[in-house]
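K.L.:
What would the 3D arrangement of this be:
(4 chains)
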2 protein chains.
Amino acid sequence: MTDSRVPSGARQSTLRATNLALALRAVCADPGELSRAGVAAALGTTRGTATRLVDELVAGGLLDEVERGPGSRRGRPATPLAPGSRPVGLGMQVDAGLVAVRVLDLRGRVLAERLHEEDLRDSDPVAALTLLGGLTAGVLASLPAGVRVVGAGLALPGLVDAGRGLLLRAPNLGWSEVRPADVLAGLLPDGPVPVLGNEADLAARSVAERAPGLPGPHRDFVYLSGQIGIGGAAVLAGRVMTGSSGWAGEIGHVCVDPDGPACPCGSTGCLERYAGRLALLSAAGVPADAGPAELRARSRAGDPVADRAVDGAARALGIALAGVVNVLDIPTVVLGGHLAELGDLLCPRLEDHLIRRVLSARWRRPVVTAGAVAPAAGATGAALGALHGVLEDPVRWLPAGEPRQPW
Amino acid sequence: MTDSRVPSGARQSTLRATNLALALRAVCADPGELSRAGVAAALGTTRGTATRLVDELVAGGLLDEVERGPGSRRGRPATPLAPGSRPVGLGMQVDAGLVAVRVLDLRGRVLAERLHEEDLRDSDPVAALTLLGGLTAGVLASLPAGVRVVGAGLALPGLVDAGRGLLLRAPNLGWSEVRPADVLAGLLPDGPVPVLGNEADLAARSVAERAPGLPGPHRDFVYLSGQIGIGGAAVLAGRVMTGSSGWAGEIGHVCVDPDGPACPCGSTGCLERYAGRLALLSAAGVPADAGPAELRARSRAGDPVADRAVDGAARALGIALAGVVNVLDIPTVVLGGHLAELGDLLCPRLEDHLIRRVLSARWRRPVVTAGAVAPAAGATGAALGALHGVLEDPVRWLPAGEPRQPW
DNA sequence: CGCTTATGTTCTACGGCAGCACAAAAGCGG
DNA sequence: CCGCTTTTGTGCTGCCGTAGAACATAAGCG
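P.N.:
Presented below is the predicted three-dimensional model:
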């Protein structure tokens, strides 16, 4: 007997499951544009087969037949399909500055949300999670009848062990070895246990897709989440690379200068010491509570101290990101959080650094853009992640779907 | 009309193709250990189905029925299966110091090889490739009758555009915009066009698997190829991450010290300036033609200059690798080339640096090991890559297999 | 108002796997 | 030595899912 892992063989039912998933994904990638015939064309099957698949998905609520627009082509009019509106995903987030809950449906529409700003640095985990639980209970109670929560996710700014549902360490919250489900369980109605995820990974996911299966503006990019620290995530072919334990993306602790200042993490010259929110504001002489907007205003007004601080951050970001791009070959960078707020100042300078330091820049020019400045992007990503369970295995969510393997 | 890419739907023949591939992979992962019944168990199918699949693969030469050993269990003795010995992959390599050709079969056995050492720095591409073509023609002519070359690969130390068959730039060879197939085509018998690949990526592949589908000692690791420069590759779940254009892994040009020496690449303080073969030897005061073995001997004999050079290289490698591990979460490093030769000196020091600088080291300790010091690992990886085509789509290589889509 | 065109549905045919029964080839025990 | 047990390998039938084609449906067009 050996330990080699070979996935189990495909049977007839696998075929149906695969095609159901493909049909669903095809509609999700093109909401409202595809009919049964369109699905058939997209999958390369006959219309007969597509009809069978779509009918089953419609019956299970995973697809909706929607009203057709005023399009007037020849022939029998098609019945446009859209992702079902009943399955919804629950996304939650706890960050150093806010607690957030957001509910999305398969079309990426926000059905309900609640944000609560509060300084949670060095906070008590139980208190903060109790607050989150209360917000979540309220949001869930406000949902229209008939929706079905298919999954839940919780974005946290730290190292997470998703398998065991354990937050190992979140420096900016001051939390260690916290198991959020223990606190949330008592506050929420019976439902899916939230899957833990890293805030930057999930925020990146919200950039990679606008709705489950609906690609966003970029498919391959490095995301930089400027919170108090600097998190990151690499997205390749629309998939967030989480590494072998889910701890990938700690760009904030890439060494930018070995002789630089010490970092609480034990290393020296970490990127965060130069481009983290607090480090950047203090280098610019901007009070911490004034925020990046003030820094941006001062720099644009010609304040040399502020501008030098931005320069320093751009240089540090350039060194770290050049390393990342050299190693990963993903020459597109999307800035988030406070870095996005400084986008017009940072992007061109960052591009200059990257062009100089990236080996392949001559053949493919690196591009740096600022992402949308949306609050609690992690919660959106967590909800998207929850909904992805439906796209990956639609059979589980159809009436006849057994919970899992029957034996 | 949209541009969304949804893979085409699965039909009955897809099922068979999938199961053929799974059966083949199961045997490759456990050569000589699985019978038809074992394949059935591995795939979770019935023995009847497994028989059908295996018979087809045996008829096509992709599997062999081998003699059974002296195992004496109860019941009817099984017929052990092994990957077929007729399909072979051709691997070639051009490096700054050698030209190599190697032929592997599906069991990972070397059927033939030829190595030729020569200083090819700033060489003429046509001359070098003509030399390679001659070696290859000789190797192919020496192959036993009945083998079938299923693919070919060429490992090159530089940036490669595999899609267009173009070597963009190989600094240490002094080559730019070279199309090797143009030279090789006239020298080789009609056969598969060699697929270009980066030397480090392919060397990493030869660490990741000992034969096609047979996992090597590590599944997740960062490989560092110490040639004249320093190439690298990240392997996750046994798959080499080549990035969006295939240019990933340029660890040699990660910035280790922004105030460090200028690099011909345009950046400053690149890792190669500290730990590249020539930089390291010259810092240690060892003549370039003496090589890493001499450096190792001096350091172990207590030569302070040599030891300080090793320290400097370890420090630079530590800074760069800590960044890579922080970003990718792959806390296993395998050293190759001249770095492997210095393994006993470098590994412990490198681990110390990583433990200090890697954020997740507390939960998962980074490990640095030296890989086997095998010459022309890139050629082996190229041959493995060529053979992988068989594992991915066995139907193409079976008698009834049409070239591709019939329409 | 009939023709054209595209969509959606229904029916039969075919291919592939599951499940079962059975044949084959060994060891075990009297 | 022979029958029993055990495991492997091979047929056979039935079920399931898709392909392909014919047909029904619902529009626009002249």
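K.L.:
okay, now the residue of the stretch 201-350 of chain A found nearest DNA strand C: neighbour count?
P.N.:
Closest contact between the stretch 201-350 of chain A and DNA strand C, by CB to the nearest atom of the strand, is at residue A:213 (19.9 Å). All C-beta atoms are positioned from the backbone trio N, CA, C, and that covers glycine. Neighbours of residue A:213 under the rule other CB atoms under 10 Å in any protein chain shown: 26.
K.L.:
Residue A:293 too?
P.N.:
12.
K.L.:
so it touches residue A:341, yeah?
P.N.:
Yes: Residue A:293 is in contact with residue A:341 according to CB atoms under 8 Å; the separation is 6.3 Å.
K.L.:
Now the element after the host helix or strand of residue A:22, going C-ward?
P.N.:
Element membership for residue A:22, per DSSP states H and E: helix A:12-28. Counting by DSSP H and E, the element after helix A:12-28 in chain order, helix or strand, is helix A:36-43.
K.L.:
any idea which helix or strand comes after that next one?
P.N.:
Counting by DSSP H and E, what follows helix A:36-43 is helix A:47-59.
K.L.:
Which strands and helices lie in contact with the helix or strand following that next one?
P.N.:
Helices and strands here follow DSSP H and E; after helix A:47-59, the next one along the chain is strand A:63-65. Strand A:63-65 sits against helix A:12-28, helix A:47-59, strand A:81-83, with contacts defined as 3 or more CB pairs under 8 Å, 6 or more residues apart in numbering or on different chains; DSSP states H and E.
K.L.:
Tell me what angle the longest helix anywhere in chain A forms with helix B:304-328.
P.N.:
Counting by DSSP state H, the longest helix found in chain A is helix A:304-328. Note on geometry: by axes from the mean of the first three to the mean of the last three CA atoms, to 10 degrees, helix A:304-328 and helix B:304-328 are set 90 degrees apart in direction.
K.L.:
Would you mark the buried spots in helix A:304-328?
P.N.:
Neighbour-count burial for helix A:304-328, counted by 16 or more other CB atoms under 10 Å in any protein chain shown, picks out A:306-307, A:309-328.
K.L.:
for the residue in chain A that DNA strand C sits nearest to, phi and psi?
P.N.:
As assessed by CB to the nearest atom of the strand, DNA strand C sits closest to residue A:75 within chain A, at 2.3 Å. Backbone torsions of residue A:75, given as degrees, to the nearest 10, read phi 80, psi 170.
K.L.:
quick one: contacts for it?
P.N.:
The contact partners of residue A:75, taken as CB atoms under 8 Å, 6 or more residues apart in numbering or on different chains, number zero.
K.L.:
Am I right that residue A:114 is in contact with residue A:101?
P.N.:
Yes: between residue A:114 and residue A:101 there is a contact under CB under 8 Å: 4.9 Å.
K.L.:
any residues in contact with both of these two?
P.N.:
A:135, A:139.
K.L.:
of the two, who's got more company?
P.N.:
residue A:101 (28 against 18).
K.L.:
Distance of that one relative to residue A:113?
P.N.:
Distance from residue A:101 to residue A:113, counting by CB to CB, to the nearest Å: 6 Å.
K.L.:
Likewise for residue A:45?
P.N.:
38 Å.
K.L.:
Just want to know which of those two has more residues nearby.
P.N.:
Neighbour count, other CB under 10 Å: between residue A:45 and residue A:113, residue A:45 has more, with 21 against 18.
K.L.:
Which pLDDT value belongs to residue A:171?
P.N.:
For residue A:171, the pLDDT comes out at 89.
K.L.:
Now that it has come up, it's in contact with residue A:264, right?
P.N.:
Yes: counting by CB under 8 Å, residue A:171 does reach residue A:264; the two are 7.0 Å apart.
K.L.:
More neighbours: the two, which one.
P.N.:
Between residue A:171 and residue A:264, counted using other CB under 10 Å, the more crowded position is residue A:171 (20 against 10).
K.L.:
Contact partners for the residue nearest to residue A:32 when sequence neighbours are not counted?
P.N.:
Take residue A:32 and drop its neighbours on the chain: the residue closest to it by CB to CB, 6 or more residues apart in numbering or on different chains is residue A:82, 4.8 Å away. Shown in contact with residue A:82 (CB under 8 Å, 6+ apart): A:27, A:31, A:32, A:63, A:64, A:66, A:107.
K.L.:
Residue A:251 reaches residue B:324, doesn't it?
P.N.:
No: using CB under 8 Å, residue A:251 makes no contact with residue B:324, being 11.0 Å away.
K.L.:
Let me know the pLDDT of the closest residue to chain B within the stretch 301-407 of chain A.
P.N.:
Of all residues in the stretch 301-407 of chain A, the one sitting closest to chain B is residue A:329 (2.5 Å; CB to the nearest CB). pLDDT, residue A:329: 96.
K.L.:
Quick one: residues contacting it.
P.N.:
A:360, B:242, B:243, B:244, B:245, B:246, B:247, B:248, B:249, B:250.
K.L.:
Excluding chain neighbours, what is closest to the residue of the stretch 201-350 of chain A closest to DNA strand C?
P.N.:
residue A:28 (3.2 Å).
K.L.:
Show the pLDDT at that neighbour.
P.N.:
At residue A:28, pLDDT is 97.
K.L.:
Any figure for the gap between it and residue A:139?
P.N.:
On the measure of CB to CB, residue A:28 and residue A:139 end up 24 Å apart.
K.L.:
of those two, who's got more company?
P.N.:
Between residue A:28 and residue A:139, residue A:28 has the larger neighbour count (other CB under 10 Å), namely 28 against 18.
K.L.:
What distance do you get for the more buried one to residue B:363?
P.N.:
In terms of CB to CB, residue A:28 sits 36 Å off from residue B:363.
K.L.:
Next: residue A:85.
P.N.:
41 Å.
K.L.:
With residue A:370 instead?
P.N.:
33 Å.
K.L.:
next one: residue A:367
P.N.:
The value you get for residue A:367 to residue B:363, if CB to CB is used, is 35 Å.
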